[in-house]
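J.: Task: produce atomic coordinates for the following.
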Amino acid sequence: MMVSKLFFLSYLFTCCLSASELENQLFSAIDDISKNKLELGESKIKSILNQKPNFKLALLIYGDLQLSKISSLNNIAGLNNSNAKGLINELRIRKLRDNKIRNTDDLIPDSLIYSSNPNKKFIFIETDSSSTYLLNKVSNQFSIDKNFYTTIGKNGPFKEVEGDKKTPIGVYKVINRISSSKLPDFYGTGALPINYPNNFDKFSKRTGSGIWFHGVPKETYSRTPLASDGCMVLSNDDFFELNKFVNSLNTTTIISKKINWVTPKHNEDVKSIILATLNNWKATWESIDTEKYLSFYSKKFKTKKYDYDSWKKMKLKVNNSKAFIDINLEDIEIYKYPAYPNLFLTYFKQNYESNNHNSSMLKEILWEFENGNLKIISEGGVS
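T.: Numbers count the residues shown, from 1 in each chain. Reported below is the predicted structural model:
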């Protein structure tokens, strides 16, 4: 009778919980079990399964509780079961996430250096904790909108080549939105592709494609932490929330192995240096002083089409035909590139006007410190 009452109360509490609330309820149940409050823990697990009967981790813990009724409960979640290793890792990761989430108030990832837009949305992924954070900037104030447990590639982070089943580390843009009606059930409630390989990946000779955020098949609640071919996989409930958050394409996505959380003022010095260099680069380009303009570029500069020498030759030829150049930069974003402490990326909308050519594009520039000076190693449109 006691168990039935506990189950009824827990059911009322969990019948409409979000994915993060279900995760918290799971931790509460595990805490009860570890304190030998087995009936209370079981009632919470039952109520979770009543809402999400395909939540495999909860099923595993529930199975252990049933086994405990005929033998001693020495381990939570089948720690002696080799077939359950992926789910055990999921439990460990979810607990790690729970501890980290409590310590992010009023902080931002240190890879976010600057955004000129007072209202902006960002997606941050930390592969070490299988976490996706939705960061909202409203009237220049930052807050974590939501965070999700996220599956990454079977072989972890740092994608290098096609088929390595790894998730890339870097700064990307969401470039498309694909509805579930256009996809097999495997992708769940839809997909949001990112622009891997980006310009830096191409500069670094990385290969591969088809890196997406997406959901899970209907019969699956979530996948274990390392289970995709490189994509970032969320529960269908969480993907639905992510899809709503990405209200326009080109939302910036930063994938890091580990996020260092800092105050928004932490990067003021490097922000000032990069903004000043960017503005000087723009002014020099407008002055049509090609030699001075080229001094902003590293000798190892490279794009898909040019190296430094061919870039110099092209710019000298083009600028000889210019009577004037006017450039306006809007919506500037600056990021410290994950895993590369001397590398920085700027995004901006570039409006270009001259006597014989006008254009507008979303552009990115990769900057690297060389002997204490920022130099451009690659630039181009975002695609």
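
J.: where does the chain dip in pLDDT?
T.: 1-17, 67-84, 98-103 (pLDDT under 70).

J.: Try it again at 90.
T.: By pLDDT under 90, the low-scoring segments of the chain are 1-39, 41-106, 218-224, 247-249, 304, 383.

J.: so is Asn36 in a helix, a strand, or just coil?
T.: coil (DSSP: H, G, I helix; E, B strand; the rest coil).

J.: Pull the residues that contact the biggest helix by length in the chain.
T.: Longest helix in the chain by number of residues (criterion: DSSP state H): helix 268-287. By CB atoms under 8 Å, 6 or more residues apart in numbering, the residues outside helix 268-287 that reach it are 113-114, 292-293, 296, 325-327, 329, 332, 334, 336, 344, 346, 365, 367, 374, 376. C-beta here means a position set from N, CA and C on the backbone, and glycine is covered the same way.

J.: and Lys299, how many neighbours?
T.: Using other CB atoms under 10 Å, Lys299 has 11 other residues around it.

J.: now swap in Ala227 and tell me
T.: Residues near Ala227, counting by other CB under 10 Å, number 18.

J.: same deal with Ser248?
T.: Count around Ser248 with other CB under 10 Å applied: 8.

J.: tell me which element it falls in.
T.: Ser248 is part of no helix or strand, with elements assigned from DSSP states H and E.

J.: who are the neighbours in contact with it?
T.: Applying CB under 8 Å, 6+ apart, no residues qualify as near Ser248.

J.: Going by neighbour count, which residues of stretch 325-335 are buried?
T.: Neighbour-count burial for stretch 325-335, counted by 16 or more other CB atoms under 10 Å, picks out Ile325, Leu329, Ile332, Glu333, Ile334, Tyr335.

J.: Let's have these in a markdown table, adding distance to Lys258.
T.: Converted to a markdown table, the buried residues of stretch 325-335 look like this (distance: CB to CB, whole Å):
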| residue | distance to Lys258 |
| --- | --- |
| Ile325 | 42 |
| Leu329 | 31 |
| Ile332 | 26 |
| Glu333 | 21 |
| Ile334 | 20 |
| Tyr335 | 16 |
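
J.: which residues of the stretch 1-150 of the chain fall in helices?
T.: Secondary structure of the stretch 1-150 of the chain (DSSP state H, counting those that start in this stretch): helices located at 2-14, 19-34, 38-51, 56-68, 85-101.

J.: those helices in the stretch 251-383 of the chain, which residues are they?
T.: 268-287, 290-294, 308-319.

J.: could these go into a markdown table alongside mean neighbour count and distance to Ala191?
T.: Supplementary listing: those in a markdown table, determined by neighbours: other CB atoms under 10 Å; distance: least, CB to CB, whole Å:
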| stretch | mean neighbour count | distance to Ala191 |
| --- | --- | --- |
| helix 268-287 | 15 | 33 |
| helix 290-294 | 16 | 41 |
| helix 308-319 | 14 | 36 |
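
J.: and the residue nearest to Lys292 when sequence neighbours are not counted, how far is that from Ser298?
T.: Distance criterion CB to CB, 6 or more residues apart in numbering; nearest residue to Lys292, sequence neighbours excluded, is Thr284 at 5.1 Å. According to CB to CB, to the nearest Å, Thr284 and Ser298 sit 16 Å apart.

J.: ok, now Pro118?
T.: Distance of Pro118 to Ser298, computed by CB to CB: 33 Å.

J.: Those two - which one has more neighbours?
T.: Set Pro118 next to Ser298 and count neighbours by other CB under 10 Å: Ser298 wins out with 17 against 10.

J.: what about the residue nearest to the more buried one when sequence neighbours are not counted, distance to Glu162?
T.: The shortest distance from Ser298 to any non-neighbouring residue, by CB to CB, 6+ apart, is to Lys375 (3.8 Å). Distance from Lys375 to Glu162, counting by CB to CB: 30 Å.

J.: Neighbour count: those two, which is higher?
T.: Lys375 (18 against 12).

J.: And the chain, what are its domain boundaries?
T.: Annotated domains of the chain cover 2-100, 104-262, 268-381 [automatic domain parsing].

J.: which one of the ones you listed is the most hemmed in?
T.: Highest mean neighbour count of those: domain 104-262, a mean of 19 (counted as mean count of other CB atoms under 10 Å).

J.: for that domain, how far is the first residue from the last?
T.: Across its full length, domain 104-262 reaches 9 Å between end residues, using CA to CA, to the nearest Å.

J.: do the same with stretch 222-241
T.: End-to-end distance (CA to CA), stretch 222-241: 15 Å.

J.: repeat for stretch 190-201
T.: First-to-last residue span, stretch 190-201, CA to CA: 26 Å.

J.: Check stretch 244-258 too.
T.: 26 Å.

J.: for stretch 201-213, same thing?
T.: So stretch 201-213: terminal residues 19 Å apart, CA to CA.

J.: How about the backbone phi and psi for Asn260?
T.: Per-residue torsions, Asn260: phi -100, psi 110 (degrees, to the nearest 10).

J.: That one and Ser111: what is the separation?
T.: 8 Å.

J.: do you know which of the helices of the stretch 251-383 of the chain lies nearest Glu353?
T.: When these are compared by CB to CB, helix 268-287 sits nearest Glu353, at 10.2 Å.

J.: how much does the closest one deviate in direction from helix 308-319?
T.: 50 degrees (axes from the mean of the first three to the mean of the last three CA atoms, to 10 degrees).
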